[in-house]
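> I need the structure of the sequence given here:
(one chain, ligands or ions: 1)
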Amino acid sequence: TMVRHNWTVDYMFSAPDCVEKLIIAANGQYPSPPIFAVEGDTIVIEVTNHIPTEGIVFHWHGIYQKGTPYYDGAAYVSQCPINPGETFTYKFKVDRAGTYFYHGHFGMQRSAGLYGSLIVTLPDHKKEPFSYDGEHRLLLNDWWHKSIYEQELGLNSVPFRFVGEPQSLLIEGRGKYNCSLLPESTASPPGCLTCNASSPWCAPHVIPVTPGETYRLRIASVASLSTLNFILENHKMTVVMADGHYVKPFDVYNLDIYSGQTYDVLFTANQDTSKNYWAAINVRGRNPLTPTGLAVIQYLPNPATLLPTTSAPVSPVWNDTATSLNFAKKLLAKPGYEPPPPKKCDRTLVLLGTQNEINGNVKWAVNNISYVHNATPTIAALKYKIKGVNNPVPPPDFPAESYNIFAPPSPPSATYGTPVYVFEKDDIVDVIVQNANTMTPNVSEIHPWHLHGHDFWVLGYGDGLYNASRDPASFNLVDPPLRNTVAVFPYGWVAFRYVADNPGAWPFHCHVESHFHMGMGTVFAEGVRHIPKLPLQTLGCGLTKKHL
Ligand SMILES: O=C1O[C@H]([C@@H](O)CO)C(O)=C1O
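Model prediction:
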């Protein structure tokens, strides 16, 4: 079946947390419209860019794009941005049921609010290995009051101005900023809107449940910066899926979700029916300065306005990495439902992620290359053999086994580049992402790494510097979980395996919006000879014009 949408994308004033600001939205809706499809459907989205001043693209996060790598929606990797006034049609198949989402993938458009849910359900003749009575979507994110243009300028300024910790946390696009914290001068519109029950912006998101019934929550994080910890007050959750793949079910009272990840969890409304409860998110992984994001679990027939009288649920302390790692290690593939990985790899790539400095600018780099876009999309450069686009060729290997990951880079040693790691079609590739100290002594940050066009098996995590002769022996080759985004913990490494069976050019990057914007990413490509003819509408920028 074809699932068709027609979207017009524009700027819009919006106040998701009661404070008005500029956002980007499709069809004047925030979050942008949800897409519902059945496994095997073809999704057709006709997008008109109504923004007068900038191009846009849409990335369909977690969708393989087999045979349509040019519709992956990564600006300057898989296509030219859609110019102001242009109409562009995405057309791709969704081949695996699960909880997904989409978002803008040009500049920091995701942080401007350009995202929505993409829910793929099973066809009638297939059944989930679990049962439930109803379901709810929960798109989670962190929120700033500055526009992405001010944020972007700050990131590119000398001295550096970081985006800082978010002002609010949102659940399904709703949150509530503590307006009393705003300076007097900005407390009138367009600043803080009146926070009262009659203002639709200031009401929390509501999750209605019938007592006794079991619900599936489709949780997705599109956060710009924060690791979020999700809690259902008083309710136990059973984790059943991660990034659209079945896991061995296990119970939790809270869960960490990194930007770019999704979880499907089940819970039963089995608490005191006279009350409503909080669904909550807190920041973990960074010293939090942001109040808890809250939604209401409404036990019907209680009114949604019956707010819990309890205080906001509390998450494990932000820097308790052992708890995060413990949760990460509980995620194992459900046997019989997910394929195990191939037993051996053809190639191992070790990638070192560092914070760095280039001409006074704070940057992030992968193997000392800080990623910058080239005006010619990588997929076009590969397909049409346009030289000089993806440099350096070949991109560098891991700098040195003797690199000191426990100290700031010394001397800062990154350069700008537009690398592409090219693999043979069907190569089995192991990737080790090595974390290190930032420019600040004794600081190493969490990074959620996302690969386009693929899922990968998460083979293991380790502390300190990866040891190629010792560590592979510890890899889980029996039941590692499949996913598209995985966190690397402070001063540690993460290893995953994937099969390069999807001809195309696929970004591999930190899903923290500012970090990717500051260069923390690279591109993998495979099966270059098999890349299909590129639709004209994806071209028309950089040297592709000359080529055409
Ligand atoms: O990219 C970042 O920059 C700051 C800090 O490292 C320098 O101000 C921070 O916390 C980041 O995640």
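> Quick check: the residue of the chain nearest the ligand.
Phe162 (4.3 Å; CB to the nearest ligand atom). In this view, the C-beta of every residue, glycine as well, is placed from N, C-alpha and C.
> how about the worst-scoring helix or strand of the chain on mean pLDDT: buried residues?
Least confident element among the helices and strands of the chain, by mean pLDDT, DSSP states H and E: helix 544-547 (a mean of 76). Neighbour-count burial for helix 544-547 flags Thr544 (criterion: 16 or more other CB atoms under 10 Å).
> So which elements touch that helix?
Other helices and strands packing on helix 544-547, by 3 or more CB pairs under 8 Å, 6 or more residues apart in numbering; DSSP states H and E, are absent; none qualifies.
> Where does the prediction get shaky in the stretch 201-350 of the chain?
Residue ranges of the stretch 201-350 of the chain with pLDDT under 70: 201.
> quick one: the strands in it?
Assigned by DSSP state E, counting those that start in this stretch, the strands in the stretch 201-350 of the chain fall at 206-209, 214-221, 227-232, 237-242, 245-252, 254-257, 262-268, 277-284, 293-299, 347-358.
> In CSV, list the ones you listed along with distance to Val44 and mean neighbour count.
As requested, the strands of the stretch 201-350 of the chain are arranged in CSV below (distance: least, CB to CB, whole Å; neighbours: other CB atoms under 10 Å):
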stretch, distance to Val44, mean neighbour count
strand 206-209, 31, 20
strand 214-221, 22, 23
strand 227-232, 32, 25
strand 237-242, 26, 22
strand 245-252, 26, 17
strand 254-257, 30, 23
strand 262-268, 23, 23
strand 277-284, 33, 24
strand 293-299, 32, 23
strand 347-358, 35, 20
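> ok now do Leu228, which residues does it touch?
Leu140, Asp142, Leu169, Ser221, Asp256, Ile257, Ile281, Asn282, Val283, Arg284, Gly293 (CB atoms under 8 Å, 6 or more residues apart in numbering).
> if I pick the third one, what's in contact with it?
Leu169 makes contact with 140-143, 175, 226, 228, 281-283, 290-293 under the criterion CB under 8 Å, 6+ apart.
> If we use 10 Å, what do you get?
17, 140-143, 175-176, 223, 226, 228, 280-283, 288, 290-294 (CB atoms under 10 Å, 6 or more residues apart in numbering).
> what does the fifth one give?
If a contact means CB under 10 Å, 6+ apart, then Asp256 has 221, 227-230, 263, 284-285, 315-316, 323-328, 446, 487 as its contacts.
> and Ile23, how many neighbours?
23 (other CB atoms under 10 Å).
> That one pairs with what?
Beta-bridge pairing of Ile23 under DSSP bridges involves Met12.
> In this structure it contacts Pro16, no?
Yes: assessed by CB atoms under 10 Å, Ile23 is found in contact with Pro16 at 7.7 Å.
> Mind listing the shared neighbours of these two?
Tyr30, Pro31, Gly113, Trp143, Gly173.
> Thr415 touches Glu357, doesn't it?
No: using CB under 10 Å, Thr415 is not in contact with Glu357, being 11.4 Å away.
> what do these two both touch?
Residues touching both Thr415 and Glu357 (CB under 10 Å, 6+ apart): Lys363, Ala365, Ser370.
> Among those residues, which lie within strands?
Among those, DSSP state E puts Lys363, Ala365, Ser370 in strands.
> Which of those residues sits closest to Ala400?
Set against Ala400, the nearest of those by CB to CB is Ala365 (14.4 Å).
> so what's the nearest residue to the closest one once chain neighbours are set aside up against?
Among residues not flanking Ala365 along the chain, Ala414 sits closest, at 3.9 Å (CB to CB, 6 or more residues apart in numbering). The neighbours of Ala414, taking CB under 10 Å, 6+ apart as the test, are 354-358, 363-370, 519.
> is it possible to export those residues to TSV including pLDDT?
As requested, those are exported to TSV (pLDDT from 0 to 100):
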residue	pLDDT
Thr354	98
Gln355	98
Asn356	96
Glu357	96
Ile358	97
Lys363	98
Trp364	98
Ala365	98
Val366	98
Asn367	97
Asn368	97
Ile369	98
Ser370	98
Gly519	98
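> which among those are in contact with the ligand?
When CB under 6 Å from any ligand atom is applied, the members of the contacts of Ala414 adjacent to the ligand are Gln355.
> Of the contacts of Ala414, which is the nearest to Phe508?
Distance to Phe508, by CB to CB, is smallest for Val366 among these, at 8.3 Å.
> can you pull the contacts of the closest one?
Taking CB under 10 Å, 6+ apart, one finds 351-354, 395-396, 414, 417, 419, 421, 433-434, 449, 508-510, 519-522 in contact with Val366.
> One more pass at 8 Å, please.
Val366 neighbours (CB under 8 Å, 6+ apart): Leu351, Leu352, Gly353, Pro419, Gly519, Met520, Gly521, Thr522.
> Tell me the one among the residues you listed nearest to Pro308.
Nearest to Pro308 among the contacts of Val366: Met520, at 38.9 Å, using CB to CB.
> ok, and the closest non-adjacent residue to that closest one?
Nearest non-adjacent residue to Met520 (CB to CB, 6+ apart): Trp364, at 3.5 Å.
> what's the answer for Val523, then?
Val420 (4.5 Å).
> residues from the stretch 151-300 of the chain in reach of the ligand?
Phe160, Phe162.
> Surely Gln537 touches Phe88?
Yes: with contacts defined as CB atoms under 8 Å, Gln537 counts as touching Phe88 at a distance of 5.5 Å.
> Can you pick out the residue with more neighbours from these two?
A count of neighbours by other CB under 10 Å puts Phe88 above the other of Gln537 and Phe88, at 23 against 16.
> got a list of what the more buried one touches?
Applying CB under 8 Å, 6+ apart, we find Phe88 in contact with Glu46, Val47, Asn49, Ile82, Gln537.
> buried subset of those?
Using 16+ other CB under 10 Å as the burial test, the contacts of Phe88 include Val47, Asn49, Ile82, Gln537 as buried.
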